[in-house]
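Student: What would the 3D arrangement of this be:
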Amino acid sequence: MKPLLSVKNVTVRFGGLTAVDDVSFDVRPGELLGLIGPNGAGKTTMMRAIVGVVRPTLGSVFLEDLALNALPIDARIRAGLALSQQLVKPFREMSVQNNVAFAAASRKTRTPATALLHVDARLERQSALDALTQVGIAAYAEQSPKTQPLGILKRLEMARALALKPKLLLLDEPLAGLNSSEAHALAQTIAEVNRQGMTIILIEHNLSEVMRICQRLVVLDNGRKIADALPKEAMSDPAVQMAYLGGDQHAAN
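Tutor: Reported below is the predicted structural model:
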């Protein structure tokens, strides 16, 4: 099957520091791929290179046949990428539904002229409600984000990304900060969204949930790829076990 995303020999350097070192992997359509590794492994830098927050020093990223390297972030989003970030920052003066509707209307609000030509938001509000239903928080649609616990806000962030109708959804530590029950429930939602056809890359430190829901793991350590395999095979790899057991020697991401 032709990959949806191809990362080819990507290296990212910041001055004298190599954060990602000659990493290659593919993501297949419909896959839920875990991108994992100890702190400082280069996971977040790799994801930022995919979405365009940082530019690779060497190597290339392709979404289907489209080369992404020269494209700005907004063009990559329009091409089919969406990122749900670890730190949730909703528009606090908007309702939960309007936060998602604003994302759904991104194509209409790219310029003042297109925004003035599209003043009817019914389609976007329905799209927002659909995304909220997909992540299990439609009941909170008219409420304010200011009053919501972290578990709801994490789902709101995911709904905003889904409202962009992406080809590939990137999730950056969606379970961080949640208790075990909340984390289990959100991981189940992520798996269900994947079963509905969404291709997902998941960065996550909660290895029990990663092992439960991911179909394949790409493991990084000190910027290098050390495994690319089924979850049990990857976690049985001596290099992966050493990377995690030797976690004290790794700097924070």
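Student: May I ask which helix or strand of the chain has the lowest mean pLDDT?
Tutor: Ranked by mean pLDDT, DSSP states H and E, the helix or strand of the chain with the weakest confidence is helix 112-117, at a mean of 42.
Student: Name the residues of the helix or strand containing residue 161 that are buried.
Tutor: According to DSSP states H and E, residue 161 maps onto helix 150-162. Buried residues in helix 150-162, counted by 16 or more other CB atoms under 10 Å: 151-162. For every residue, glycine as well, the C-beta is placed using N, CA and C.
Student: Closest one to residue 32 out of those residues, please.
Tutor: residue 158 (13.6 Å; CB to CB).
Student: quick one: the helix ranked longest in the chain to chain centroid distance?
Tutor: Scanning the chain for the longest helix, with DSSP state H as the assignment, gives helix 180-195. Its chain's C-alpha centre and that of helix 180-195 lie 14 Å apart, by CA atoms, centre = their mean, to the nearest Å.
Student: Remind me what it packs against, helices and strands.
Tutor: For helix 180-195, the packing partners by 3 or more CB pairs under 8 Å, 6 or more residues apart in numbering; DSSP states H and E come out as strand 32-36, helix 150-162, strand 199-203, helix 207-213.
Student: Now do the first one against helix 180-195: the angle between them, please.
Tutor: This points to strand 32-36. 130 degrees (axes from the mean of the first three to the mean of the last three CA atoms, to 10 degrees).
Student: ok now strand 32-36, how far from the chain's centre?
Tutor: That offset, for strand 32-36, works out to 10 Å (CA atoms, centre = their mean).
Student: CA-only coordinates of it in PDB, if you can.
Tutor: Extracted in PDB, the C-alpha atoms of strand 32-36 (Å, rounded to 0.1, in the frame of the first residue of the first chain):
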ATOM      1  CA  LEU A  32      -2.500   4.300  14.100                       C
ATOM      2  CA  LEU A  33       1.300   4.700  14.500                       C
ATOM      3  CA  GLY A  34       2.900   5.300  17.900                       C
ATOM      4  CA  LEU A  35       6.000   7.600  17.800                       C
ATOM      5  CA  ILE A  36       7.700   7.000  21.100                       C
END
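Student: What is the subsequent helix or strand relative to that strand?
Tutor: Sequence-wise, the next helix or strand downstream of strand 32-36 (DSSP H and E) is helix 43-51.
Student: can you state the direction angle for that following helix and strand 199-203?
Tutor: On the basis of the same axes, to 10 degrees, helix 43-51 is oriented at 150 degrees to strand 199-203.
Student: packing partners for helix 43-51?
Tutor: Short answer (3+ CB pairs under 8 Å, 6+ apart): helix 43-51 packs on strand 5-14, strand 17-27, strand 32-36, helix 73-79, strand 81-84, strand 168-172, strand 199-203.
Student: Apply 6 Å and report the result again.
Tutor: Helix 43-51 sits against strand 5-14, strand 17-27, with contacts defined as 3 or more CB pairs under 6 Å, 6 or more residues apart in numbering; DSSP states H and E.
Student: The helix or strand that it is followed by to strand 5-14, inter-axis angle?
Tutor: Following helix 43-51 in sequence order, the next helix or strand is strand 58-63 (DSSP H and E). Angle of strand 58-63 versus strand 5-14, following the same axes, to 10 degrees, is 150 degrees.
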